[in-house]
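> this is a predicted model, with the sequence first.
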Amino acid sequence: LLGIIFILQTPAIASYAKEDKLCQWPDAVPWHDLYARARDFSNASSCDNSSGVAGVAQHWLTPGNLGPDSSTSLLVPSIYTFIVAMVCALVFVAYQHQAATDQRIDHRTVLPNDFAVLVCNLPVGATDEVFIADFFSHHAVAGKTDTPIAKVVIGWDYQEFKDKQKQVQMLRASLEELGADNPDAKPIIERLKALTAELASVASGKAHSQMKGSGTAVVVFRYAADAEACLRRWSGFWPTVAYHEPVDLSALPPGNGLIAGSALPRFPMGGAPVLKIAVRRAPNPGDIHWETLGVDMWARISMQMRTNSRMALIIGVSFLVTTGVNNLQDLVSKASDDDQGGSMAPLLSVLAL
């Protein structure tokens with residue numbers, strides 16, 4: 001890429017050297033005076049020493065030195081415009097190549113998430129593994145009502161689970177202080193048994209749990225082909241935007257999903273299919289953060305805005321401090337050059353530091 005850009009810049013530099021009569025923009029000369037003296041680029045003497053404006057050296061020929069009259073040759077801006085377009089196109093091609101490479105490697109490598117999907121927007125009371133497995137066995141793959149499901153992993157409410165664990169620890173500490181034979185320890189023992197039973201209800205295979213779910217679950221299929229077919233039906237543009245399954249356009253290669261098909265099945269709640277769920281490919285087991293799976297979308301946006309606002313505040317304060325220090329340095333330099341301000345120079349130096 002860099003080699004192609006270098007080759008494309010060669011005719012631009014040649015055009016600079018032959019056709020463009022560019023002048024430097026010195027800080028000491030006001031812009032309007034420089035423009036008045038150097039606007040006639042057809043006169044080569046406008047950049048000689050007699051005019052007080054020196055010519056741009058060939059090793060410093062860049063698009064930023066085109067001068068107030070732009071360029072006398074359209075080749076230079078045309079070349080650089082083409083370079084920008086080509087760089088954007090090459091970046092897009094490189095990204096597609098990387099995506100295709102990842103897809104080929106994924107097809108050749110067997111990973112745990114090849115068999116699993118992550119289900120979101122479930123009700124917090126959907127904690128029955130058998131019920132969720134039965135729903136996906138009937139509706140995961142289009143035209144198939146007996147898709148074999150190997151396992152369903154419920155995502156529990158992490159904050160509730162953590163709070164009850166803390167309560168259990170505090171009750172055990174209180175029980176040790178009082179002693180199990182103490183009559184006052186009886187309510188503590190009963191409460192401890194109730195909390196222990198609630199925590200034990202999240203174990204795998206329990207039909208009814210006293211704990212709330214986070215609205216997420218991982219559905220593990222017996223075959224990777226079923227998981228892939230489930231993702232083709234439940235993920236993509238139409239399932240996300242309109243909650244309709246995608247249908248391929250026959251004139252294009254299979255898998256395009258350009259047409260919206262029939263509505264997707266809704267997850268039942270109270271016996272009626274009412275909830276729209278979201279399905280995407282599940283991460284690998286080591287990449288799942290259960291404590292953040294059930295966070296609401298608006299809570300995520302709020303936390304992101306809070307983080308970004310703090311970063312913006314830090315950057316703004318740093319900018320103001322840097323600007324103030326630079327101004328103080330200029331003031332110190334002027335005070336040191338001024339005979340009357342010599343006594344203020346040490347104080348201003350301390351303030352600048």
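That came through, no problem.
> now do the contacts for residue 267.
Contacts for residue 267 (Cβ atoms under 8 Å, 6 or more residues apart in numbering) come out as 122, 123, 126, 135, 273, 274, 275, 276, 277. Where C-beta positions appear, they are placed from N, C-alpha and C, glycine not excepted.
> quick check: ChimeraX command selecting the buried ones in those residues.
Applying 16 or more other Cβ atoms under 10 Å to the contacts of residue 267 leaves a buried subset, and the ChimeraX line that selects it is:
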select :122,123,126,135,277
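> taking the contacts of residue 267 one by one, which sit in strands?
With DSSP state E as the criterion, strands contain 273, 274, 275 from among the contacts of residue 267.
> the second one contacts residue 122, doesn't it?
No - Residue 274 is beyond contact range of residue 122, at 12.0 Å (criterion: Cβ atoms under 8 Å).
> related to what we said a few turns ago, of the ones in strands among the contacts of residue 267, which is the nearest to residue 321?
residue 275 (51.6 Å; Cβ to Cβ).
> name whatever forms a beta bridge with that closest one.
Beta-bridge pairing of residue 275 under DSSP bridges involves residue 267.
> quick check: next helix or strand after the lowest-mean-pLDDT helix or strand in the chain?
Across the helices and strands of the chain, mean pLDDT, DSSP states H and E gives its lowest value to helix 31-38, namely a mean of 50. Note on helix 31-38: by DSSP states H and E, the next helix or strand toward the C-terminus is helix 75-108.
> show me where the stretch 201-350 of the chain has its helices.
Remark: helices assigned in the stretch 201-350 of the chain by DSSP state H, counting those that start in this stretch are 224-234, 237-241, 290-293, 297-337, 345-352.
> dump the C-alpha coordinates for the shortest one into PDB.
Extracted in PDB, the C-alpha atoms of helix 290-293 (Å, rounded to 0.1, in the frame of the first residue of the first chain):
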ATOM      1  CA  TRP A 290     -22.300 -13.800  33.600                       C
ATOM      2  CA  GLU A 291     -22.400 -10.700  35.900                       C
ATOM      3  CA  THR A 292     -22.900  -8.400  32.900                       C
ATOM      4  CA  LEU A 293     -25.200 -10.500  30.700                       C
END
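> quick one: average confidence on it?
Helix 290-293 comes out with an average pLDDT of 76.
> show residues contacting that helix.
In contact with helix 290-293 (Cβ under 8 Å, 6+ apart) are residues 120, 155, 156, 158, 159, 214, 216.
> for the fourth one, what are its contacts?
In this case it means residue 158. 214, 290, 291, 293, 294.
> one more: the second one?
Under the criterion of Cβ under 8 Å, 6+ apart, the contact list for residue 155 reads 213, 214, 215, 216, 217, 218, 290, 293, 294.
> now the fifth one. Nearest residue, chain neighbours left out?
The shortest distance from residue 217 to any residue other than its chain neighbours is 4.8 Å, reached at residue 119 (Cβ to Cβ, 6 or more residues apart in numbering).
> can you confirm that neighbour is in a strand?
Yes - judged by DSSP: H, G, I helix; E, B strand; the rest coil, residue 119 forms part of a strand.
> quick revisit: got the contacts of residue 158 as CSV, with neighbour count and distance to residue 179 columns?
CSV is the format used below for these (neighbours: other Cβ atoms under 10 Å; distance: Cβ to Cβ, whole Å):
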residue, neighbour count, distance to residue 179
214, 23, 38
290, 16, 37
291, 15, 36
293, 19, 41
294, 21, 39
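> quick one on the thing from earlier: which pair in the contacts of helix 290-293 spans the largest distance?
The farthest-apart pair in the contacts of helix 290-293, when distances are taken by Cβ to Cβ, is 120 and 159, at 17.4 Å.
> more neighbours, the two?
Between residue 120 and residue 159, residue 120 has the larger neighbour count (other Cβ atoms under 10 Å), namely 16 against 13.
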